[in-house]
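Visitor: Coordinates for the following, if possible.
(2 chains)
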Amino acid sequence: MKITVNGTAQDTAAPTLDALLIELGHGGAKVATAVNETFVPAALRPEQRLNEGDRVEIVAPRQGG
Amino acid sequence: MKGIVWKSSPLGKGVEMPIYYDTEVTSRLMLGTAQYPSPAILAQAFRRSGAGIATVSVRREAGGARAGQAFWDMIRALGVHVLPNTAGCHSVREAVTTAQMARELFDTNWIKLEVIGHADTLQPDPFGLVEAARILTDDGFQVFPYCTEDLVLCERLVEAGCRVLMPWGAPIGTGLGLNNIYGLRSLRAHFPDLPLVIDAGLGLPSQAAHAMELGYDAVLLNTAVAKAGDPAAMAEGFARAVEAGRLAYEADPMAPRDMAAPSTPVFGKALL
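Guide: Reported below is the predicted structural model:
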């Protein structure tokens, strides 16, 4: 299945957002997520099914002004 | 964290400090965390300024990088309040989603709401700002809106639930200081009891002192400190200026006048 992760095309077999995070090496990391511009809380990631063409954003704390 | 200690200052314990929503912060400085030469210099700048609030952001994380965790550990070690922003967001949806992600990451309801309307000036989009402020307030956020000094906009933001306003002094990163003194003075007069923070545009401590002399409650700095040759020294310079400006405001300054008035008594001068 082709999806976009942080603006980059990605092939994945992960059925859920939770599985995708583990596949990409984010397991246990301090990240927040959105799918198709909608926030997905950490607790709901295991239920968040991924579909062809989904746009996933994975963000973390950074410097800011 | 041990902040700067004012040995001879009357401003200390017992003096009213800004209260943002329900939280009293024992400093009138907010400091950004971006653009420092190193994390160590960032930490020094916080120590020497005594800043009580650190602004932070959320950005994309590469798989396995764990950069976010390292940064978060460093910020937590500063022992200050954390104010996440929605910097770079140009739409209501972007800002709202970013705020929701920030709330989860930083475990705070505070959000410095930026909805940018103009690419060159980074001027806030007042219409999107009010809409996003309403959505976020309804969702339980405590919104710190980055706004202009426009009175009507600020009234709308308060109606939307904002209990603090953060007007710009000048466009972000310019160091131009306070571009509209009249507008900022009007805003202070119009909202006498609301915490008002100058957010953006300050380049020099004298400008921060001026903001405090106008009765503003605090200033938010980033570029002016981070891009100084010696960020930690500049941070302390700003802290002293904020202290001086606030003292002056509380001391009730004299009214300016056009004509000279002798300070030395005229009566009793020898006739020569």
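Visitor: low-scoring stretches of the chain, by residue?
Guide: Looking at chain A here, since you left the chain open. Judged by pLDDT under 70, chain A has no weakly predicted residues.
Visitor: other chain: chain B
Guide: B:1-15.
Visitor: residue boundaries of the helices in it?
Guide: Ranges of helices in chain B, per DSSP state H, are B:39-49, B:67-78, B:92-106, B:126-138, B:151-159, B:181-190, B:205-213, B:223-226, B:231-250.
Visitor: For B:Asp258, which of these is the nearest?
Guide: Smallest distance to B:Asp258 across the helices of chain B (CB to CB): 17.8 Å, for helix B:181-190. For glycine as for every other residue, the C-beta is placed from the backbone atoms N, C-alpha and C.
Visitor: Any idea which residue of chain A lies closest to chain B?
Guide: Nearest to chain B, among the residues of chain A, is A:Ala60, at 2.4 Å (CB to the nearest CB).
Visitor: before we move on, back to that, redo the helices of chain B as TSV? Include mean neighbour count.
Guide: Below are those laid out as TSV (neighbours: other CB atoms under 10 Å in any protein chain shown):
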stretch	mean neighbour count
helix B:39-49	20
helix B:67-78	16
helix B:92-106	23
helix B:126-138	21
helix B:151-159	17
helix B:181-190	16
helix B:205-213	23
helix B:223-226	24
helix B:231-250	20
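Visitor: Out of the ones you listed, which is closest to chain A?
Guide: Ranking the helices of chain B by their distance to chain A (criterion: CB to the nearest CB) puts helix B:67-78 first, at 2.4 Å.
Visitor: before we move on, back to that, what pairs with the host helix or strand of the residue of chain A closest to chain B, and is each one parallel or antiparallel?
Guide: Using DSSP states H and E, the element containing A:Ala60 is strand A:55-63. Strand A:55-63 pairs in its sheet with strand A:2-5 (parallel), strand A:32-35 (antiparallel), strand B:53-60 (antiparallel), by DSSP bridges.
Visitor: among the ones you listed, which is nearest B:Leu31?
Guide: strand B:53-60 (6.0 Å).
Visitor: where's that closest one relative to the chain centroid, distance-wise?
Guide: Strand B:53-60 sits 15 Å away from the centroid of its parent chain (CA atoms, centre = their mean, to the nearest Å).
Visitor: Roughly how far does the residue lying closest to B:Tyr20 once chain neighbours are set aside sit from B:Phe144?
Guide: Taking CB to CB, 6 or more residues apart in numbering or on different chains, and ignoring the residues beside it in sequence, B:Tyr20 has B:Val164 as its nearest neighbour in space, at 5.3 Å. Using CB to CB, to the nearest Å, B:Val164 is found at 5 Å from B:Phe144.
Visitor: Quick check: neighbours shared by these two?
Guide: With contacts defined as CB atoms under 8 Å, 6 or more residues apart in numbering or on different chains, the residues adjacent to both B:Val164 and B:Phe144 are B:20, B:197.
Visitor: quick one, which of these two is more surrounded?
Guide: The neighbour comparison of B:Val164 against B:Phe144 (other CB atoms under 10 Å in any protein chain shown) goes to B:Phe144, with 29 against 23.
Visitor: Check the burial of the residue nearest to that one when sequence neighbours are not counted by counting its neighbours.
Guide: Counting by CB to CB, 6+ apart, B:Lys112 is the residue found nearest to B:Phe144 once chain neighbours are left out, at 4.6 Å. As a burial measure, B:Lys112 scores 28 neighbours (other CB under 10 Å).
Visitor: And chain A, is stretch B:179-198 touching that?
Guide: No - Stretch B:179-198 stays clear of chain A (CB under 8 Å from any CB of the partner chain), getting no nearer than 13.3 Å.
Visitor: Need the contact partners of that stretch.
Guide: Stretch B:179-198 is contacted from outside by B:18-20, B:30, B:144, B:149-151, B:154, B:158, B:163-170, B:178, B:201, B:208, B:210-211, B:214-220, using CB under 8 Å, 6+ apart.
Visitor: How about the residues of the stretch 1-150 of chain B by chain A?
Guide: Within the stretch 1-150 of chain B, the residues that sit near chain A (CB under 8 Å from any CB) are B:32-36, B:55-69, B:71-72, B:75, B:84-85, B:87, B:93-94, B:97, B:100-102, B:104-106.
Visitor: again, 7 Å this time
Guide: Residues of the stretch 1-150 of chain B that fall close to chain A, judged by CB under 7 Å from any CB of the partner chain: B:32-34, B:55-61, B:63-64, B:66-69, B:71-72, B:85, B:87, B:93, B:97, B:100-101, B:104-106.
Visitor: Identify the spatial nearest neighbour of the spatially most central residue of chain A, chain neighbours not counted.
Guide: Nearest residue to the geometric centre of chain A (CA atoms, centre = their mean): A:Val56, 4.6 Å. Leaving aside its sequence neighbours, A:Val56 sits nearest to A:Val5 (CB to CB, 6+ apart; 4.8 Å).
Visitor: ok, the one you found - contacts?
Guide: By CB atoms under 7 Å, 6 or more residues apart in numbering or on different chains, A:Val5 lies in contact with A:24, A:56, A:58.
Visitor: what's the burial count for the residue of chain A closest to chain B?
Guide: Under the criterion other CB under 10 Å, the count of neighbours that A:Ala60 has is 24.
Visitor: Then the one 4 residues further on?
Guide: Using other CB under 10 Å, A:Gly64 has 24 neighbouring residues.
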